[in-house]
Each structure stands twice: as C-alpha cells, then as structure tokens.
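S.K.: Could you look at this predicted model? Sequence included:
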Amino acid sequence: FFERITKDIEIVRVALLLTGCVQGIRNTVQDYLFSFAQYDWVWKQDKEESYKEFSKDEPALEDYEAKLHYFGHVDSEIESIHSIYNIGALSLNTRNLKAALKHECSQWKVTFSDNLHVEARGKLEALTEYMRVTTTKLQRDHNDLDALRFIMNLLREVRERESGIDMEIDPVEDMYQMLEYYLPEGFMVKDEIDKRTVLRGSWKKLIKLAEKRADELSATQAGFKKKLCKDVKILSKDVKQFRQEFQNNGPMVKGIPPLEAVDRLNRFKEELRIKERKYKLYTEGEELFALPKTEYPDLFVTSKDIKLFDQLFSLYTDVLDTLDDWKQIPWTDVTEQMDEMTEKMESFALRCKKMPGRLREYDAFINLKQQIEDFQLVLPLLQELSKQSIMPRHWDAVRAITNSEFEIDAEFKLAKLLDLNLANFNDDIEEVTEGADKELKIEKNLAEITAQWDSREFTFKEWKGRGINI
C-alpha cells in the first residue's frame, strides 16, 4: 500500500506542499511566541530582591505610584493580547499564558503595595495614638501649678502641630487612595478602615477640646498667678532662714562630733532637695506667666556648701562602713583579703589627699585622716602577725605588750586586734614579728641539720694497732 502511495505523483505533490506550508508556519509561530519575551522579567526576577533594591533610595510616594502604574500598564497590555491567534492552518490559544502572566504581574503589585501599606498603616497608627493620648492629657485637672504648666505646654504643642497637620494627614490619605486604586477590595481590616475614616474628624475634635481648655485656663490663670507670687515670697523667706540655720547648726560648726555632723548634713540635704524642687516649679511658673525671674542666691550658696561637705562626709561614712565590715572578717581569712584591704585603703587615702583645703580644718577631716593613717600603719602589722612564723608564744608576747586578753581560735575576728590600737605598739610588735621570722629560720636550719645527720652512719676501727678505735 505504501509503495503504491509513494508512486502516486499527485499524492507526493500534495505531501510536499503540506510539508512546505508547515515549515513556513513554524517560523511564524516562533516569531509570535518571541513577542512574549518582553514579559519574561515578570517570572524571572525575584520580587523581594527587586523591592529591596527599589527601597534603597528611600522612594517617595510618587515613586511608588510610578511603579504601581507601570505594573498596571503591563497588566493592561497582557489583557489586550488576543486569546486566540490564527496562523495559517493553526489556531493558538493564549488564555492560560495570559492568565499566568497576569497573576505574576498582580504579585508584583502586591509585593510593592504591601510594603507601602505597612508604611501607611504605621503613620495612621501614630497619628491616631497621638490624638488619643493628647485628648486624655487635655482632660487632666489643673488643680495646681505643675498641672497648669503641663496643660499649657500641651496646648502650645497642639497649636504648633496644627500648622503642619495637613502635611501629616495628606500623605496618609494619598497612600490609602493609591492602595485602593491598585489593590483589590478587602486588603484593609475594619478597624483600620474606621481609623482612616475618622482621622480628620478626630483632629478637629482635639482642636475643639484644646480651645475649650484654653478658655478654661484663661479664667483661672489669675488665681494661679496670684498664688504663685505668694509662694515665691514665702520661698524667698524660707531660703534665707534655711541659709541662716545652715550656718548656725550645719555640719561645718566646729567642735561637734563627726557622726553628728553626718546626721546634720543628711538633714540639710533633704531640706535642700525640697527647696530646689520648689525653686524649679516656681521658676517654670514665672516663665509660664512671663513674670520676672526671682533669684535665690542663698539657695545656690548653700547648695554649693552642702556638695562640698558631702565630699568629706561621704568619704567619712565610706571609711567607717568599710572598717565595720572588715572587723567581722575571721582572722583565718585575713591573709586572703590583705591585698584588697590595702588597695581599698590606698584609694581612701588618695580621696582624702584630694580634699579641698577649706575642709582640712574640720574635726571630721582630722579624725578621718587619722583613721586612714592608723589603719595603713596597722595593715603591715596584721600582715606580719598572719605569717606562719607566729607561734602561740608570740601571741603571748602581743598580749603582754598590749596588756590585753584574747584567744586565737575559730571565732577570733579582726575586730579584736583593731580594738587593741596596734598602731600605738608598732615598734614592739614589729620586734616580736621580726624575732618570729628569725626563730622560724633557725628552726628550719636545725631541722635540715637534724635530717642530714640522722641519715649518716659512723664506722669505727682500730688506729695503727694501738687499740684505739676512731
């Protein structure tokens, strides 16, 4: 059969014509399919990476709109492509290809608009929260000067922001209008829609409330101003009395015990904090009512004096507290903490050395300096007494020198030795510790000699037949 077909000239001619036709159509089909190459970026490029590259230059709203418009234009171009395209005897169906391209183009719009939506929602939330918080603050009662100042500063802030509020609200509304145009319905939740809808209305309500509070304050300002002037006069009088009291009964009064001076300083520091708080409040009130600023020279002088004396008495209390802590150290732990104690006392001595000359004439400074020097003198003695060379007989010598009674046991603490005023017996105790070191050295030498001769053997024999063993 096939052999007969191939020998039929008409059939062969038709087959050749059909083959040529198909070959010509194939080239046309390839050209048509190549026309879709202009959209290959839609599925080849990474959407997130493209957005990161786009956001590097901090794009403005116009840049977002240009991008979304471009994606919309591409989508329209794809939609305009014929779903059926005839080429010769062939009919090409592009519906699935168009659907895939339109889906990818939609994903590009979603990627860029989602990030724009996040920015728009953030600004919307910030504006809404500011209006809510400010409204709450404006409803606060102004029953004292501090509250009045707070409300007036808040009103000033609202007035200043009012001049530029359109520049804050308009971009947010423009963003949402753009998103509504390019995105399908349902991209916003109801709560977000409500906040956007009432945004300008909320601001208008805030402005009305601010105006109402401003009117209320205008009616009550006279009373506050009168009370402020009265309080300023009282404070001025109190400051002068405070200065006089500080000079007569402060910590600088000569002849008072250091601990009493510390108590006095703490009391005056607390009173100073109260008066400084009133000074700050009243000064802000004078600024609020555009009144002349009242000066309190006695307050500043006293504050400076208290800070000066605080240098001395803070060091004094630090030294006393540290010594009290060290007194509780068991004698067996003194060696381990000797370096720390030495370093700490050196830092105290350095702080004491840097004290202003004005403080050096006070009893507290003299007492402090003496305590530091005494302990620095005692520290080497404690280090010597903690050596292994100190034996019970040496402690007997220390008891005899200091005319005291104590026992070196597990309960023995450093406090006992510090209470003996070892600095007064410095030379005698050093003589005991030096003797202990020498005795220990002798004992070690004797032990070495004993160990050496204990292992030796002596052999005796007769010397030259004379009956004498050597």
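M.R.: Arrived safely, thanks for sending.
S.K.: Residue 342 contacts residue 379, correct?
M.R.: Yes: using C-beta atoms under 8 Å, residue 342 is in contact with residue 379, at 5.8 Å. Placement of C-beta: from N, CA and C, glycine included.
S.K.: which residues does residue 421 contact?
M.R.: 374, 402 (C-beta atoms under 8 Å, 6 or more residues apart in numbering).
S.K.: From residue 321, how far off is it?
M.R.: Residue 421 is 20 Å from residue 321, where distance means C-beta to C-beta, to the nearest Å.
S.K.: SS state for the spatially most central residue of the chain?
M.R.: The centroid of the chain falls nearest to residue 126 when counting by C-alpha atoms, centre = their mean (24.1 Å). The local conformation at residue 126, judged by DSSP: H, G, I helix; E, B strand; the rest coil, is helix.
S.K.: any weak-confidence spans in the stretch 151-300 of the chain?
M.R.: 184, 186-187 (pLDDT under 70).
S.K.: which residues in it form strands?
M.R.: Counting by DSSP state E, counting those that start in this stretch, the stretch 151-300 of the chain has no strands to list.
S.K.: where along it do the helices fall?
M.R.: Using DSSP state H, counting those that start in this stretch, the helices of the stretch 151-300 of the chain run over 166-182, 190-197, 199-249, 258-288, 297-327.
S.K.: Can I get the ones you listed in a markdown table including mean neighbour count and distance to residue 403?
M.R.: What follows is those, written out as a markdown table (neighbours: other C-beta atoms under 10 Å; distance: least, C-beta to C-beta, whole Å):
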| stretch | mean neighbour count | distance to residue 403 |
| --- | --- | --- |
| helix 166-182 | 16 | 86 |
| helix 190-197 | 13 | 87 |
| helix 199-249 | 14 | 41 |
| helix 258-288 | 16 | 28 |
| helix 297-327 | 17 | 21 |
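S.K.: Can you add distance to residue 121 and give these back as JSON lines?
M.R.: Formatted as JSON lines, the helices of the stretch 151-300 of the chain follow (distance: least, C-beta to C-beta, whole Å):
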{"stretch": "helix 166-182", "distance to residue 121": "9"}
{"stretch": "helix 190-197", "distance to residue 121": "6"}
{"stretch": "helix 199-249", "distance to residue 121": "12"}
{"stretch": "helix 258-288", "distance to residue 121": "38"}
{"stretch": "helix 297-327", "distance to residue 121": "51"}
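S.K.: Nearest to residue 159, out of those?
M.R.: Residue 159 sits nearest to helix 199-249 of all the helices of the stretch 151-300 of the chain, at 7.5 Å, using C-beta to C-beta.
S.K.: tell me what the host helix or strand of residue 442 is packed against?
M.R.: Assigned by DSSP states H and E, residue 442 falls within helix 426-454. The helices and strands touching helix 426-454, judged by 3 or more C-beta pairs under 8 Å, 6 or more residues apart in numbering; DSSP states H and E, are helix 363-385, helix 392-402.
S.K.: can you state the direction angle for the first one and helix 297-327?
M.R.: Computed with axes from the mean of the first three to the mean of the last three C-alpha atoms, to 10 degrees, the direction of helix 363-385 lies at 20 degrees from that of helix 297-327.
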